[in-house]
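Chemist: next input, structure requested:
(one chain, ligands or ions: 2)
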Amino acid sequence: MLLDGQLHYYPSLLDPQQADILYQQLLQEIPWQTGHVFIYGREHLIPRLQAWHGDPGISYTYSGKTLRADAWTPTLANLCQQLNQLLGLQLNAVLCNLYRNGNDCMGWHADDEKELGENPQILSISLGAERDFALRRQGSSRQSGTLRLANGSLLDMRPGMQNHWQHSLPKRARIQQSRINLTFRTLYN
Ligand SMILES: O=C(O)CCC(=O)C(=O)O
Ligand SMILES: [Fe+2]
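Modeler: Ligands and ions are numbered 1, 2, ... in the order given. Sure thing, here's the model as predicted:
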């Protein structure tokens, strides 16, 4: 347990063999897309592949646009159901990220969009290459530390975390292998 109980890390939710099978299934099953964002009216490709899946009618606002989540794939639906049962939650959507190698990354942010409610709890499953997950306090530009997210691990970002901390997935140029990260969320539309 770290950071006043706001972050719980379980290094082996899945054993390595299960994690490898899941990785391959998700790689095939998810319609990975090259996302883009608009910054000052100019289009930029994001440095990773993405997909959004969720319950029917769930939508999210991303880069100023409201988009509907795609239907669950069988593997994602199964994972979401298992997490809900295990943890007593009502997760209803997942953001999937595919980092093709160490050059793919995600910048500093908090997952604090309006549709996630006041105190979101986000469950993050990591598969494939081990990558550093960096943390800093909201409002600070100094990194507080990193956590290595292992293949088959679960990171539970508890309620409160998104209000006080930012996180990022920094570039690691030497890493050649790819990684899939799934962040399960509860969206209130
Ligand atoms: O890839 C990760 O571990 C972090 C992903 C993330 O922060 C997000 O999807 O909001
Ligand atoms: Fe995030």
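
Chemist: who in the protein is up against ligand 1?
Modeler: Those residues of the chain that sit near ligand 1, judged by C-beta under 6 Å from any ligand atom, are 95, 97, 106, 111, 124, 126, 133, 149, 167, 169, 181, 183. Quick note: C-beta positions are derived from backbone N, CA and C, even for glycine.

Chemist: what's the nearest residue to the residue of the chain found nearest ligand 1 if we skip its chain neighbours?
Modeler: Residue of the chain nearest ligand 1, by C-beta to the nearest ligand atom: N181 (3.4 Å). Closest residue to N181 apart from its sequence neighbours, by C-beta to C-beta, 6 or more residues apart in numbering: N97 at 4.7 Å.

Chemist: contact partners for the residue of the chain closest to ligand 1?
Modeler: Residues counted as contacts of N181 (C-beta atoms under 8 Å, 6 or more residues apart in numbering) are 96-97, 99, 124-127, 149, 169.

Chemist: what's the answer for R148, then?
Modeler: When the contact criterion is C-beta under 8 Å, 6+ apart, the partners of R148 are 130-133.

Chemist: part of a helix, is the residue of the chain closest to ligand 1?
Modeler: No. Secondary structure assignment (DSSP: H, G, I helix; E, B strand; the rest coil) places N181 in strand, not in a helix.

Chemist: does the residue nearest to N181 touch R48 like I think?
Modeler: Yes. Because the distance of 5.2 Å satisfies C-beta atoms under 8 Å, N97 is recorded as touching R48.

Chemist: common neighbours of these two, please.
Modeler: In the contact map built from C-beta under 8 Å, 6+ apart, the residues linked to both N97 and R48 are M106.

Chemist: quick revisit: sort out for me which of the contacts of N181 are in helices.
Modeler: Among the contacts of N181, no member is found in helices (DSSP state H).

Chemist: if we can go back for a sec, how much space between the residue of the chain closest to ligand 1 and G160?
Modeler: The span separating N181 from G160 equals 21 Å under the rule C-beta to C-beta, to the nearest Å.

Chemist: and for L87?
Modeler: L87 sits at a distance of 16 Å from G160 (criterion: C-beta to C-beta).
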